[in-house]
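Chemist: Pasted the sequence and its predicted model underneath.
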Amino acid sequence: MSNLLHYFTLPFLWQGLATAVEITVISFALAIPPSIAVALMRLSKWRSVRVLLWPYVWVMRGTPLLLQLLFWFDILPTLGFRVSPFTTAVIALVLNEIAFSGEIIKGGISAVKSAQREAGLALGMSRWTILHRVILPQAFRSIAPALSNELIIMLKNTSLASVIAVDELTLRSQQIVAVNFEYLAVFGAAGALYLIASSAVTVLQSWAERRLNIERKQVKPISQTSHVPVVLDARSSATSARFLTRLRPRRALPRTSATEEVADVLDEVELEMKRTHSSQHAELAQQLAATLRADVGALVEPFVKIADVRKTFRGRQVLNGVSMDINAGEVVVILGPSGSGKTTLLRTINHLEQIDAGEILVNGKLVGYRRTSRGVVPVRSAAAARRDARIGFVFQHFNLFDHMTVLQNIMEAPVRVYGRDARDARREARALLDWAGLSGFENHYPHQLSGGQQQRVAIVRALACHPRLMLFDEPTSALDPELVGQVLSLIRELAELGMTMIVVTHEMGFARACADRVIYMEGGVVVEEGAPDEIFSNPRDQRTRRFLQIIHAGESIAP
Ligand SMILES: Nc1ncnc2c1ncn2[C@@H]1O[C@H](COP(=O)(O)OP(=O)(O)OP(=O)(O)O)[C@@H](O)[C@H]1O
């Protein structure tokens, strides 16, 4: 026993352990970034990229590490790389680990719901921002235990490096035993040292798991998490109201002869100034007229122009030449049976889905397409197009970022996508939460909220990007009946503030009360459209009549 204690406290063996830990830490740190790259390549949508690394992963996982160590030890010098045994061990461990960790990370990324990515896209985030802010943090939450195991295995595997003369713990124990033959005491002490190091990793793993497990997180009091005073006093409603008024787009002017007359007058003014003034003044006049004409145009032209849009999924025509115009400040409700293409249409407006033919203009611009002689073609940077279009999208299943608090969810896009100052974004997020009746929930995680609260946060998250257009995809259909009213009243308030909105819903009461226009779709086409009273009281098409009868029958038997 005293011998064991002697070897356990021997600096010679502790130095060997330090070398083993050093190799482990360096190799693991070097292996993780390429492992992420391997995981992404293995998940690529292109088959050629997916299979490219398969032979490498196959060989690394299928051959013994000892053999790989010996291989690199012999081959590197013949290739002209004269490196130390320590570096050779690091190279072998890194190359081996990338294959294993790559597969683990691949599994973690695949487990993140695709809805999380969609939410990022809808907020205008680039693929890179979505990857490192949304996907990887969520993936690492589920793969942390597996990666910790890898770290422990790697620590133990450093002992194999003794065969290439790396001066680590196992080699040093062998050297002592070769001299004094005290197997039990020396190897017992070495084993205890390995146990100490691997236990440290286990403790680290439990700590990381606790930190990453949001299910077990307590809600932090607001005062502990921010130095910015919370606006919760009597002035808060006024603050929110002022902010929301700023969001407000101009109400559409009716296309009266008055607005057209303004445009005519502008033409005359421009001509007159060109005739009577110097060329410099004429240029200024031209610029002025162009600006005014653009403003008048924005009032006269539809804010959203959808022209003959077609979309096919796997040979099935889902949108079959849909056309519609939506004016600034207008609230349009889209109705239709399941599978009629309503969601697909909404998704094409902010380029979450590509169209096959036709075109969609928002505020006079294509979103994510450019015109060419071959018609409109998608641009490379759809994220930038979505960001610039400022279209808010509210999903049926909320799609809040699971690993972020309410406040972080709301501030993410303003700060990361639009480059806003964090304090300013936080202040505004709080004012908006106050408006939505969610003050005090800033530090809750989505799973700590009811469905109605989550959907209200999702609306606030979209509003924080100052959208010019809001798209709602069945925002209440995933909610319990008693929570529907909370969400609808928020949307109604937005409608009253003059926000341009397209709402896909089966809430007939909401459509009657809030819609300026109701559009009925079926089989990928617009069947009819009109004022709510016209559509609900006197539908012209028998398909609309049949749909409304079914809905009313459902409502009458509902409890
Ligand atoms: N990514 C996709 N891949 C294949 N088919 C799809 C895809 N998205 C939608 N579809 C199909 O397109 C059709 C229209 O779907 P969409 O979700 O637009 O209908 P909807 O009118 O919104 O229906 P619901 O009210 O049930 O949501 C459906 O048949 C659906 O299965």
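Modeler: Yes, it's here.
Chemist: what is the mean pLDDT for whatever helix or strand residue 482 lives in?
Modeler: When elements are assigned from DSSP states H and E, residue 482 belongs to helix 481-496. Averaging pLDDT along helix 481-496 gives 87.
Chemist: just how off-centre is it within its chain?
Modeler: Mean C-alpha position of helix 481-496 versus that of the full chain (Cα atoms, centre = their mean, to the nearest Å) differs by 25 Å.
Chemist: List of residues touching the following helix or strand past that helix?
Modeler: Using DSSP H and E, the next helix or strand after helix 481-496 towards the C-terminus is strand 500-504. With contact meaning Cβ atoms under 8 Å, 6 or more residues apart in numbering, strand 500-504 is reached by 249, 303-304, 326-334, 342-343, 346, 349, 468-475, 491, 494-495, 510-511, 514-515. C-beta coordinates here come from the backbone N, C-alpha and C atoms, glycine included.
Chemist: In strand 500-504, which residues are buried?
Modeler: Across strand 500-504, burial judged by 16 or more other Cβ atoms under 10 Å covers 500, 501, 502, 503, 504.
Chemist: What about the ligand: which of those touch it?
Modeler: When Cβ under 6 Å from any ligand atom is applied, no member of the buried residues of strand 500-504 is adjacent to the ligand.
Chemist: Run through this protein and note the low-pLDDT ranges.
Modeler: Applying pLDDT under 70 to the chain picks out residues 1, 214-300, 554-559.
Chemist: can you rerun that using 50?
Modeler: The model of the chain has pLDDT under 50 over residues 223-240, 248-256.
Chemist: near the ligand, which residues of this protein show up?
Modeler: Close to the ligand, as judged by Cβ under 6 Å from any ligand atom, the chain has residues 313, 314, 318, 336, 338, 339, 340, 341, 342, 343, 344.
Chemist: Secondary structure, distance to residue 206 and neighbour count added to these, as JSON lines?
Modeler: Converted to JSON lines, those look like this (DSSP: H, G, I helix; E, B strand; the rest coil; distance: Cβ to Cβ, whole Å; neighbours: other Cβ atoms under 10 Å):
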{"residue": "313", "secondary structure": "strand", "distance to residue 206": "46", "neighbour count": "12"}
{"residue": "314", "secondary structure": "coil", "distance to residue 206": "47", "neighbour count": "5"}
{"residue": "318", "secondary structure": "strand", "distance to residue 206": "49", "neighbour count": "21"}
{"residue": "336", "secondary structure": "coil", "distance to residue 206": "52", "neighbour count": "24"}
{"residue": "338", "secondary structure": "coil", "distance to residue 206": "47", "neighbour count": "7"}
{"residue": "339", "secondary structure": "coil", "distance to residue 206": "48", "neighbour count": "13"}
{"residue": "340", "secondary structure": "coil", "distance to residue 206": "51", "neighbour count": "24"}
{"residue": "341", "secondary structure": "coil", "distance to residue 206": "50", "neighbour count": "24"}
{"residue": "342", "secondary structure": "helix", "distance to residue 206": "48", "neighbour count": "23"}
{"residue": "343", "secondary structure": "helix", "distance to residue 206": "43", "neighbour count": "21"}
{"residue": "344", "secondary structure": "helix", "distance to residue 206": "46", "neighbour count": "19"}
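Chemist: Out of those, which comes closest to residue 381?
Modeler: Among these, residue 344 lies closest to residue 381 (Cβ to Cβ), at 22.7 Å.
Chemist: Pull the contacting residues for the residue lying closest to that closest one once chain neighbours are set aside.
Modeler: Nearest residue to residue 344, sequence neighbours excluded (Cβ to Cβ, 6 or more residues apart in numbering): residue 318, at 5.1 Å. Going by Cβ under 8 Å, 6+ apart, residue 318 touches 311, 312, 341, 344, 524.
Chemist: of all these, which comes closest to the ligand?
Modeler: Set against the ligand, the nearest of these by Cβ to the nearest ligand atom is residue 344 (3.4 Å).
Chemist: how about the closest one, what does it touch?
Modeler: Residue 344 neighbours (Cβ under 8 Å, 6+ apart): 311, 313, 318, 319, 353.
Chemist: Go again with 10 Å.
Modeler: Residue 344 makes contacts with 309, 311, 313, 318, 319, 322, 352, 353, 355, 524, as judged by Cβ atoms under 10 Å, 6 or more residues apart in numbering.
Chemist: Just the buried residues out of those, in PyMOL syntax.
Modeler: Selection of buried members from these for PyMOL, criterion 16+ other Cβ under 10 Å:
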select buried, resi 309+311+318+319+322+352+353+355+524
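Chemist: Restricted to strands, list the contacts of residue 344.
Modeler: 309, 311, 313, 318, 319, 322 (DSSP state E).
Chemist: Spatially nearest residue to residue 144 (excluding sequence neighbours)?
Modeler: residue 208 (5.3 Å).
Chemist: what helices or strands is the one helix or strand that neighbour maps to leaning on?
Modeler: In this structure, residue 208 sits in helix 183-212 according to DSSP H and E. If contacts are counted by 3 or more Cβ pairs under 10 Å, 6 or more residues apart in numbering; DSSP states H and E, helix 183-212 sits against helix 2-8, helix 11-42, helix 136-157, helix 169-180.
Chemist: The third one versus helix 169-180: what angle between them?
Modeler: Between helix 136-157 and helix 169-180, the angle comes out at 10 degrees (axes from the mean of the first three to the mean of the last three Cα atoms, to 10 degrees).
Chemist: which other helices and strands contact helix 136-157?
Modeler: helix 11-42, helix 65-78, helix 85-111, helix 183-212.
Chemist: now it, how far from the centre of its chain.
Modeler: The answer for helix 136-157 is 24 Å, by Cα atoms, centre = their mean.
Chemist: how about CSV for the buried residues of strand 500-504, with distance to residue 439 added?
Modeler: What follows is the buried residues of strand 500-504, written out as CSV (distance: Cβ to Cβ, whole Å):
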residue, distance to residue 439
500, 27
501, 24
502, 29
503, 26
504, 29
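Chemist: quick one on the thing from earlier: out of the helices and strands packed on helix 136-157, which comes closest to residue 532?
Modeler: Per Cβ to Cβ, nearest to residue 532 of the helices and strands packed on helix 136-157: helix 85-111, 43.5 Å.
Chemist: Go through the helix or strand just after that closest one and flag the buried ones.
Modeler: The element immediately downstream of helix 85-111 (helix or strand, assigned by DSSP H and E) is helix 114-122. By neighbour count with 16+ other Cβ under 10 Å, helix 114-122 contains the buried residues 116, 117, 118, 119, 120, 121, 122.
Chemist: Touching, the third one and residue 400? I think so.
Modeler: It refers to residue 118. No - counting by Cβ atoms under 10 Å, residue 118 stays clear of residue 400, with 12.0 Å between them.
Chemist: What residue, apart from its backbone neighbours, is nearest the residue nearest the centre of the chain spatially?
Modeler: Centroid check for the chain by Cα atoms, centre = their mean gives residue 120 as the closest residue, at 2.4 Å. Closest residue to residue 120 apart from its sequence neighbours, by Cβ to Cβ, 6+ apart: residue 130 at 3.8 Å.
Chemist: what's the answer for residue 304, then?
Modeler: Excluding the flanking residues, the one nearest residue 304 by Cβ to Cβ, 6+ apart is residue 326, at 4.1 Å.
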